[in-house]
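# missing the sequence, but the structure's below:
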Ligand code: DC
């Protein structure tokens, strides 16, 4: 029997979930899936088609067009990472903007969007050997995952991380804009009716406000090794 496990990483935005998940997947030779990228891709598609603007949200048109949206992660060996393809087009850069971040929580509230994406995520992880990060991975997507992590950090620290990332990419943003977006998304993500962000009862909480990436990685690797032994 394979000793591969499923690792579910949930938590607030900008807690470094994807960075940790990527590090772990590389180390363990597992598949890494950033489910936030999938919600962001649907958001970008909705913006492109005029279904969502600051003034209105045409949920019916979005729901009707869901069957024509095909999402795929494509591994780019030269970059050492996977990029998001929407109907075959690389939209990795487009989905990381503050505009997409400002609409994504509304898109992620829709039950139809969630059930389509959850089904795809479960298919991706059916053979285990996967590290998936998001908001509902340990609670909804893989409730029986062998290792569940719940990441937190204070909002100020998280906004600063996201701000530094966007500035490094050359985006023109203010710290306040990013901070407000982080706080607003925290609220929507934890208060929505459908699969809100909650800590699974068997998840291990990691507050990394004051932790270096290296310390965190060592701590988590230890948890992974224990979970593999227990399997
Ligand atoms: O991880 P992220 O910040 O890229 O995620 C973008 C948004 O997508 C986030 O505000 C909430 C939503 N999301 C979700 O509802 N469920 C997931 N499994 C992943 C993300």
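All right, it came through fine. Since the model is a prediction, treat every value here as computed from it, not as a measurement.

# The ligand contacts on the protein?
Neighbours of the ligand within the chain, by C-beta under 6 Å from any ligand atom: 13, 35-36, 39-40, 104-105, 108, 134-136, 185, 189. Using the backbone N, CA and C atoms, a C-beta is placed for each residue, glycine as well.

# Can you list which of those are found in helices?
Counting by DSSP state H, these place 35, 36, 39, 40, 104, 105, 108, 185, 189 in helices.

# Report pLDDT for the residue nearest in space to the middle of the chain.
The structure's the chain has its C-alpha centroid closest to residue 36; by C-alpha atoms, centre = their mean the separation is 3.1 Å. You'll see residue 36 listed with a pLDDT of 96.

# show me the contacts for it.
Contacts for residue 36 (C-beta atoms under 8 Å, 6 or more residues apart in numbering) come out as 13, 18, 104, 133, 134, 135.

# change it to 10 Å
Neighbour list for residue 36: 13, 17, 18, 95, 96, 101, 104, 108, 133, 134, 135 [criterion: C-beta atoms under 10 Å, 6 or more residues apart in numbering].

# Sort out for me which of those are in strands.
133, 134 (DSSP state E).

# so how far is the helix or strand residue 7 falls within from its chain's centroid?
Residue 7 is located in strand 6-11, with elements delineated by DSSP states H and E. Centroid separation for strand 6-11 versus its chain: 10 Å, with C-alpha atoms, centre = their mean, to the nearest Å.

# That one pairs with which strands?
strand 130-134 (parallel), strand 147-152 (parallel) (DSSP bridges).

# tell me which residues in stretch 224-231 are buried?
The neighbour-count check on stretch 224-231 (16 or more other C-beta atoms under 10 Å) flags 224, 227 as buried.

# any idea of the mean pLDDT for that stretch?
Mean predicted lDDT for stretch 224-231 stands at 93.

# about what we covered before: just want to check the distance between the residue nearest to the centre of the chain and residue 176.
With distances taken as C-beta to C-beta, to the nearest Å, residue 36 is found 22 Å from residue 176.

# Walk me through the regions of this protein where pLDDT falls short of the threshold, as ranges.
Within the chain, the ranges that satisfy pLDDT under 70 run 1-2.

# residue boundaries of the helices in it?
Assigned by DSSP H, the helices in the chain fall at 17-28, 35-48, 59-65, 98-108, 111-124, 155-168, 175-191, 213-230.

# Contacts for the fifth one next, please.
Read that as helix 111-124. Identification of contacts with helix 111-124 by C-beta under 10 Å, 6+ apart yields 31, 33, 35, 38-39, 41-43, 46, 59, 62-64, 66-67, 69-73, 107-108, 110, 130, 132, 134, 136-137, 140-142, 192-195.
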